[in-house]
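>>> I would like the atomic coordinates for the input below:
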Amino acid sequence: MSKQKKKIINDFGGIMYSTDPTFDFREEPEIHEALPNNQQDLRVMLDRKNRGGKAVTLITGYRGTAEELDVLAKMLKTKCGVGGAAKDGEILIQGDFRDKVFLLLQKEGYKVKKSGG
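Below you'll find the model as predicted:
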């Protein structure tokens with residue numbers, strides 16, 4: 001017999017009680033509408049915060065599905081020859097590859113801006 005995990009408040013996203021008799025707690029996944037490349041407004045910046053002094057190239061502003069984000073991240077990581085990650089609508093590329101990523105995204109048809117210092 002396996003012991004069933006006890007549910008804690010964090011399992012419900014902070015909802016403790018509702019007085020609404022029609023309330024039914026079901027988390028609905030966020031559905032991001034996929035935009036064409038030329039309508040995406042991406043920002044490319046260098047980030048060193050909370051990374052032990054290591055620099056990463058951060059691409060934000062992507063709107064689309066997680067699968068499409070992963071495909072774009074994989075392409076960028078492959079072209080730069082480094083590691084990275086894609087999560088929460090952001091792509092992290094290890095190292096300072098702002099210029100290269102900027103040019104690659106422009107070549108793919110994205111609207112790209114450099115931001116940050």
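
>>> Could you pull up the residues touching the closest residue to residue 54 other than its chain neighbours?
Distances taken as C-beta to C-beta, 6 or more residues apart in numbering put residue 48 closest to residue 54, at 7.1 Å, once the chain neighbours are dropped. Every residue, glycine included, has its C-beta placed from N, CA and C. Residues in contact with residue 48 (C-beta atoms under 8 Å, 6 or more residues apart in numbering) are 54-56.

>>> go on, residue 60?
Contacts of residue 60 (C-beta under 8 Å, 6+ apart): 42-43, 45, 89-90.

>>> If it is in a bridge, with which residues?
residue 43 (DSSP bridges).

>>> For residue 19, see how far away it is.
Computed with C-beta to C-beta, to the nearest Å, the distance linking residue 60 and residue 19 is 38 Å.

>>> Please apply the same query to residue 37.
46 Å.
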